[in-house]
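Novice: sequence and predicted structure are below.
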Amino acid sequence: MSEVLLLERCEPSLPFAFLERLESLFGDLLDTNRQDPVKEVSLTSVAIDLLKTLMKRSVFSLNLFRLVSGRWVVCHTANVSFIVGSLFVNGSFPYAFAVQGMKAVILHDIGHFFLKSASVEDDFDEKKDNHRLHPVLGCKFCVQLNLSADECDAVLYHHERFDGTGFISRKGKTIPFYARIIRLADEVERLLMWCERTPADFLGSLLKLRGTVLDPDLVGDFLGTFGPLPTGARVSWKGETLVCRGLDKKSGKILFDTESGDLVFVPIEHFAKKK
Ligand SMILES: [Fe+2]
Ligand SMILES: [Fe+2]
């Protein structure tokens with residue numbers, strides 16, 4: 001299973017078992033012999049269990065799953081669910097609101113199953129038909145499942161851009177909240193998969209998307225939850241090289257591994273000042 005993980009030495013963002021759980025859920029959801037109310041119960045149950053898992057977390061780290069071919073929708077959904085769920089938990093969102101949001105996140109790319117999308121490029125390449133069609137097919141699926149208008153809209157608008165130049169041309173805060181937060185998680189995953197894992201590179205790339213692609217307030221919430229450094233980033237601190245593990249929720253400090261295997265907590269302000 002470790003070949004699925006971005007950084008093999010670090011703990012995964014979510015337990016490996018969650019990938020199997022999601023795969024099984026998608027199988028049930030796409031099974032035409034199953035009844036819709038049964039499908040919604042399964043979906044809600046996965047959403048609740050995911051939030052419960054994240055509530056127990058003391059460190060928020062971004063060691064995501066690789067988007068392996070054949071399972072990329074499952075791995076991608078796990079990554080995006082983890083990022084959005086962490087923001088809900090860290091922001092103390094009302095429970096019912098968080099569960100509703102998680103259901104939308106889990107279904108946001110289900111349209112790719114209908115299109116048999118081969119890779120994550122189908123999700124991000126704006127010239128591909130799959131990119132344009134999957135939010136519509138996903139929304140239709142949510143409507144058939146009798147989900148709320150907020151959940152359906154989240155799926156339909158999850159590729160909109162904050163500056164209004166997206167596919168459906170919704171702009172700013174008129175883009176539904178759940179859709180804006182899914183877009184944030186999509187972009188964070190993309191940066192972590194394709195950018196150099198250096199502190200300046202990740203943060204600089206994320207900040208460039210603020211106000212153009214992403215809601216600036218949500219970028220702030222993300223940095224408040226995960227800190228400015230990606231998991232695995234190497235920094236110098238008092239003559240030592242440290243490897244970032246993630247943001248410690250209780251102390252608000254960034255947790256690092258030293259090369260000798262010790263743990264070090266560094267105040268987040270140290271990196272904020274440098275920026
Ligand atoms: Fe998508
Ligand atoms: Fe996505």
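Specialist: Yep, it's here. Ligands and ions are numbered 1, 2, ... in the order given.
Novice: quick check: residues of this protein near ligand 1?
Specialist: With C-beta under 5 Å from the ion as the criterion, the chain comes near ligand 1 at residues 109, 123. Backbone N, C-alpha and C define where each C-beta goes, glycine included.
Novice: what do you get if the cut-off is 6 Å, keeping everything else the same?
Specialist: Listed as neighbours of ligand 1 in the chain under the rule C-beta under 6 Å from the ion: 108-109, 123, 134, 158-159.
Novice: go through stretch 258-273 and flag the buried ones.
Specialist: Going by neighbour count (16 or more other C-beta atoms under 10 Å), the buried part of stretch 258-273 is 264, 266, 268, 271.
Novice: what strand or helix carries the residue lying closest to Ser117 once chain neighbours are set aside?
Specialist: Sequence neighbours aside, Asn130 is the residue nearest to Ser117 in space, at 4.7 Å (criterion: C-beta to C-beta, 6 or more residues apart in numbering). Taking DSSP states H and E as the criterion, Asn130 maps to helix 129-144.
Novice: look at Cys244 and tell me its secondary structure.
Specialist: Under DSSP: H, G, I helix; E, B strand; the rest coil, Cys244 falls in the strand class.
Novice: tell me the contacts of it?
Specialist: Applying C-beta atoms under 8 Å, 6 or more residues apart in numbering to Cys244 gives the contacts 199, 227, 229-235, 254-256.
Novice: which residue of this structure sits farthest from its center?
Specialist: The C-alpha centroid of the chain is most remote from Gly239, which lies 33.9 Å away (C-alpha atoms, centre = their mean).
Novice: what pLDDT does that one get?
Specialist: Here, the pLDDT recorded for Gly239 equals 86.
Novice: repeat that for Lys128.
Specialist: The score at Lys128 is 87. That number is its pLDDT.
Novice: with Asp31 instead?
Specialist: On pLDDT, Asp31 comes in at 96.
Novice: now do the phi/psi pair for it.
Specialist: Torsion angles at Asp31 (phi, psi; degrees, to the nearest 10) stand at phi -80, psi 110.
Novice: ligand 2 versus the residue farthest from the centre of the chain, what's the distance?
Specialist: From Gly239 across to ligand 2, the span is 41 Å (C-beta to the ion, to the nearest Å).
Novice: give me the neighbour count for the nearest residue to Arg161 once chain neighbours are set aside.
Specialist: With C-beta to C-beta, 6+ apart as the criterion, Arg161 has its nearest non-adjacent residue at 5.0 Å, and that residue is Val213. The number of residues packed near Val213 is 19, by other C-beta atoms under 10 Å.
Novice: ok, back up a step: and ligand 2, which of the residues of the chain next to ligand 1 contact it?
Specialist: Within the set of the residues of the chain next to ligand 1, contact with ligand 2 (C-beta under 6 Å from the ion) is found for 108-109, 123.
Novice: let's see if you can find the most crowded of those residues.
Specialist: The most neighbours of any of these, using other C-beta under 10 Å, belong to His108, which has 33 neighbours.
Novice: hmm, back to that, closest one to Leu145 out of the ones next to ligand 2 among the residues of the chain next to ligand 1, please.
Specialist: Nearest to Leu145 out of these is His108 (C-beta to C-beta; 13.5 Å).
Novice: surely the residue nearest to Arg161 meets Glu160?
Specialist: No - judged on C-beta atoms under 8 Å, Val213 makes no contact with Glu160 at a distance of 9.2 Å.
Novice: which SS class is the nearest residue to Lys171 once chain neighbours are set aside?
Specialist: Spatial nearest neighbour of Lys171, chain neighbours left out: Gly164 (3.1 Å); criterion: C-beta to C-beta, 6+ apart. Judged by three-state DSSP, the three-state class of Gly164 is coil.
Novice: what would the ones next to ligand 2 among the residues of the chain next to ligand 1 look like in JSON lines with distance to Ser24 and secondary structure?
Specialist: Listed next are these as JSON lines, based on distance: C-beta to C-beta, whole Å; DSSP: H, G, I helix; E, B strand; the rest coil:
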{"residue": "His108", "distance to Ser24": "18", "secondary structure": "coil"}
{"residue": "Asp109", "distance to Ser24": "17", "secondary structure": "coil"}
{"residue": "Asp123", "distance to Ser24": "22", "secondary structure": "helix"}
